[in-house]
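1. Predicted model and sequence below, questions to follow.
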Amino acid sequence: MGYVMFAAIFVISLFASVPLSSAWGTDGHYMVCKIAQSYLTSTASSAVLQLLPSSANGDLASMCSWADNVRTACPWSSALHYVDTPDNLCTYDYTRDCHDSSGTSGRCVVGAINNYTTQLKTYPSTTYNLTQALMFLSHFMGDVHQPLHVGFTTDLGGNSITVYWYNVKTNLHSVWDTKIIQSSESNYFSNNVNIMSDSIKANITSTQINQWNSCGSTLSACADTFASESISQACSYAYKDAPDGTYLSDGYYSSRKFVVNTRIAQGGVRLANFLNQIFI
């Protein structure tokens, strides 16, 4: 059974909580969704509020890590959080790259964004579980903007590259998932994700919004653009100067934090743009 229909009929708990490594980590996903909700039109905002589970209390950000929390209960969804690209090419191509380990086409983060966008366009139909579709789309929009979720095949997007973050052993993927964000929160934002989120949003300009949303003629073309941006930044910033066994600290952090902040901002603005175009 394909994941499109499986996602629609498989009944899972909205409250399952299984801690797992996630793109951007909990705080990164939270900020993407918090920024997105602030840019929704009244029509899109109303639809989102209708679809969110009651436990969210109208807060999209509170559900933005849900897709990671249910990966154990929904193992079919694991391949949808990333896309692997050929080592060192630093390019992304949907036909070549968007498939799972068995070769099933469309089973990658870009395919998932396209799938759940299509499902949400049926709103208010009950053909699909649109609450799940909303939360998957919101999460995957964060995933596709994390550069190492469009990383190299052999090193599993940096997961198999051991590095030391301020002398603490970890892996390169984790540095981009959580460590850079945590360092920023500690250094500048009193360990408060809301203060960091507000700061990132305050620096978003109208010119940037227009540029970031001019990503393609269709939403599916935009999703391809996001992935292409991520692998380019993975090569230029994430992998650069970070081979296996490297000790990373101030130099790496100070020259990469702006990339993380920008990708979080772009993820939020673009998620809002998708939802505004879906719910019209």
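-> Yep, it's here.
2. On the three-state scheme, Val163 is what?
-> Three-state assignment for Val163 (DSSP: H, G, I helix; E, B strand; the rest coil): strand.
3. Verify the contact between it and Tyr239 for me.
-> No - with contact defined as Cβ atoms under 8 Å, Val163 and Tyr239 do not form a contacting pair (10.9 Å). C-beta: built from backbone N, CA, C; applies to glycine.
4. what residues do these two have in common as contacts?
-> Common contacts of Val163 and Tyr239 (Cβ atoms under 8 Å, 6 or more residues apart in numbering): Leu172.
5. Show me where the stretch 1-150 of the chain has its helices.
-> Ranges of helices within the stretch 1-150 of the chain are 3-9, 25-38, 42-51, 66-69, 94-97, 109-120, 130-145, based on DSSP state H, counting those that start in this stretch.
6. what helices or strands is the second one leaning on?
-> Based on contacts counted as 3 or more Cβ pairs under 8 Å, 6 or more residues apart in numbering; DSSP states H and E, the elements that helix 25-38 packs against are helix 130-145, helix 180-188, helix 193-202, helix 250-278.
7. With Ala73 as the reference, measure out to Ser55.
-> Counting by Cβ to Cβ, to the nearest Å, the gap from Ser55 to Ala73 is 17 Å.
8. quick revisit: so of the helices of the stretch 1-150 of the chain, which one's packed in deepest?
-> Among the helices of the stretch 1-150 of the chain, helix 130-145 has the highest mean neighbour count (mean count of other Cβ atoms under 10 Å), at a mean of 26.
9. Can you list the low-confidence ranges for the stretch 101-250 of the chain?
-> Judged against pLDDT under 70, the stretch 101-250 of the chain has no low-scoring part.
10. neighbours around Trp176, how many?
-> When counting by other Cβ atoms under 10 Å, one arrives at 30 neighbours for Trp176.
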